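*Asks:* quick one, structure for this:
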Amino acid sequence: MPSTDAPSSLSGSGSGSGSGFASASVPRHLARGGVGFGALIGAFALLPVLGPAALLLAPVGLVALRGCPMCWAIGLAETVSRGRLRRECTDGRCELKPAR
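*Replies:* Residues are numbered from 1 along each chain as shown. The predicted model follows:
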């Protein structure tokens, strides 16, 4: 049986403090992406030169990307849209509207 209760905030990504994926600024987010993707690419590109020790760069890349490349991409979209969109919820229906 479906519930008729409407949540006031979906997944904690309301107009409050924001999401766990977004960064404080776009340049900071892009820098994290550069470090993360660079470390992941370096881990596999340096494998013939450094051997298995090169794989130690992979965790560095995953930490910089906060877990996965898709998480970083979602965070980029959230970081870019922060301050441009806001969510208004009335009568159990939520809509995205431009910030004023």
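*Asks:* sec struct for S23, please.
*Replies:* Judged by DSSP: H, G, I helix; E, B strand; the rest coil, the three-state class of S23 is coil.
*Asks:* which residues touch it?
*Replies:* Applying Cβ atoms under 8 Å, 6 or more residues apart in numbering, we find S23 in contact with 29, 32, 75, 79. The C-beta positions use only the backbone N, C-alpha and C, and glycine is treated the same way.
*Asks:* just flag the most distant two among these.
*Replies:* Pairwise distances among these were taken by Cβ to Cβ; the largest, 10.0 Å, belongs to R32 and T79.
*Asks:* before we move on, back to that, and the contacts of S23, which of them are in strands?
*Replies:* For the contacts of S23, not one is inside strands, with DSSP state E as the criterion.
*Asks:* quick check, nearest of the residues you listed to L62?
*Replies:* Of the contacts of S23, the one sitting nearest to L62 (Cβ to Cβ) turns out to be R32, at 11.6 Å.
*Asks:* number of residues surrounding the closest one?
*Replies:* 18 (other Cβ atoms under 10 Å).
*Asks:* quick check: the gap between it and C68.
*Replies:* R32 sits at a distance of 13 Å from C68 (criterion: Cβ to Cβ, to the nearest Å).
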